[in-house]
Structure formats: C-alpha cells, structure tokens
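>>> Here's a sequence, model it:
(chains A and B)
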Amino acid sequence: SQQGEEDPQALSIQEGENATMNCSYKTSINNLQWYRQNSGRGLVHLILIRSNEREKHSGRLRVTLDTSKKSSSLLITASRAADTASYFCATDLKGNTGKLIFGQGTTLQVKP
Amino acid sequence: DTEVTQTPKHLVMGMTNKKSLKCEQHMGHRAMYWYKQKAKKPPELMFVYSYEKLSINESVPSRFSPECPNSSLLNLHLHALQPEDSALYLCASSPPGLATGSTDTQYFGPGTRLTVL
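Numbers count the residues shown, from 1 in each chain, chains lettered A, B, ... in the order given. Prediction:
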C-alpha cells in the first residue's frame, strides 16, 4: 500500500484564505518533502523537513512534522490564484532505499 | 545552472517505433531518476541511477531501456510500446543526502508527454 496518504484529495478556497494539506505515512523516515506540480508540468520542490525537525517555514509555507503520529501538514497562508496546483508529499524511508515514495496528492484550486 | 532539461517536450509514436527520451543536468548530481506519471496520479518511480550505475529498476517492462552515458546525461530508450504507456515521463536528479543513506531534494525536469498510437 502507499507509504504516503494525503488529505483532502481536493481543496477549493478563495484567494486570501489559508490552505492546509495533510500527509500520513506508515514507516520511519529520514525526511519528508513537499512538491508542487502545475498542470502537466514537472514537480517543484517546496520544503524538506528532516525527522529530527518539527516545523519549517519558507515564505508563505509552513510545514510541520509529527513523527509520533507519522504525519505532516503543509499550510499555505494568504493563498493566491497562482497557488492553484497539485501538492504531493514524498517520504525518504529509513534504511536507504534510494528513492522517494510519493503520496496521492492534493489538488488545490484557489479562486480569484 | 539549477535546471534539469528534457527533450523532446512532446512525442507521438507508433507501437513499432523506436525512440529515445533525453534528460540532462549540470548541477553535479550523481543520482538521476526516471518517473512515469499518469493523469491525476503521483509520479511512479521507474529507474534510479547512482554514480552512473543502475541501482533501482522497479520491475519496468524491457520495452523501456535506460542508459546513463555520463554523469550529466540520462536516456530512456523506447521500443514496441503499448498505448497504455502513454504518460508524462519525468526525469529528476538529486545530490547525495546529508545523512548517510538518505535521499535529498529531487530536481525535476518539465517532462516529456508521450502518446503511443
């Protein structure tokens, strides 16, 4: 089964509102990463949070990690129409698998 | 240069054709990846090259053949594909992880949109 599960699957908000996406995973990780993908394009890395970190910020993005609950959240504050995209979490599993496991993704629509 | 480039952007091929996808990065990354992505799905890992050697093959059919001629280039050779192979093919690269055995940030190219007729 998938390592990363995301919810909600889809989210629609108005410009200026905050958007929160959640990611849960099953096994121990080295780090967890969030990526954005605009329709039909490549993925863009947003934030990497390591297993010994609890929170990271980058501009309007805030990521939290709770290793006891095996979950992470991505908060986008003061959303803009340009934030409309799919957002994926990806986990780097402990044990050196050499690969990332992507969640199913959350599709975010920000209405102007 | 912090870019991964992929050519071509679009490719249409018949089931009997042979074609190749190309990926290039000049960031000095020694891990390179091929992913396949269907619409509204996450990327699915196909192959990983580490230091120009194939380190992971996710049980990909032999009609897909990867090649890493040098540390900057990654090719995916396609032969006798099926219509269900139509997808967005993404290449990515990454530097060595900060922690031993970890996988750090991956840098993705824009992808090649492949249609198999």
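
>>> what does stretch A:8-22 rub up against?
A:6-7, A:71-81, A:83, A:87, A:89, A:104-112 (CB atoms under 8 Å, 6 or more residues apart in numbering or on different chains). All C-beta atoms are positioned from the backbone trio N, CA, C, and that covers glycine.

>>> Which residues of chain B lie near chain A?
B:4, B:6, B:31, B:33, B:40-43, B:45, B:48, B:50, B:55-56, B:88, B:90, B:92, B:97, B:99-111, B:113 (CB under 8 Å from any CB of the partner chain).

>>> Among the contacts of stretch A:8-22, which lie within strands?
Mapping these onto strands (DSSP state E) picks out A:6-7, A:71-76, A:87, A:89, A:106-111.

>>> Farthest pair within the residues you listed?
Farthest-apart pair in the ones in strands among the contacts of stretch A:8-22 is A:Ser71 and A:Lys111; separation 27.7 Å (CB to CB).

>>> and chain B, which of the ones in strands among the contacts of stretch A:8-22 reach it?
Answer for the ones in strands among the contacts of stretch A:8-22 near chain B (CB under 8 Å from any CB): A:Thr107.

>>> now, among the ones in strands among the contacts of stretch A:8-22, which is nearest to A:Val44?
Among the ones in strands among the contacts of stretch A:8-22, and counting by CB to CB, the member closest to A:Val44 is A:Tyr87, at 10.2 Å.

>>> what's the nearest residue to the closest one if we skip its chain neighbours?
A:Thr106 (4.9 Å; CB to CB, 6 or more residues apart in numbering or on different chains).

>>> And for that neighbour, the neighbour number?
22 (other CB atoms under 10 Å in any protein chain shown).

>>> tell me the contacts of it?
A:Glu6, A:Asp7, A:Pro8, A:Gln9, A:Ala10, A:Leu11, A:Met21, A:Ser86, A:Tyr87, A:Phe88.
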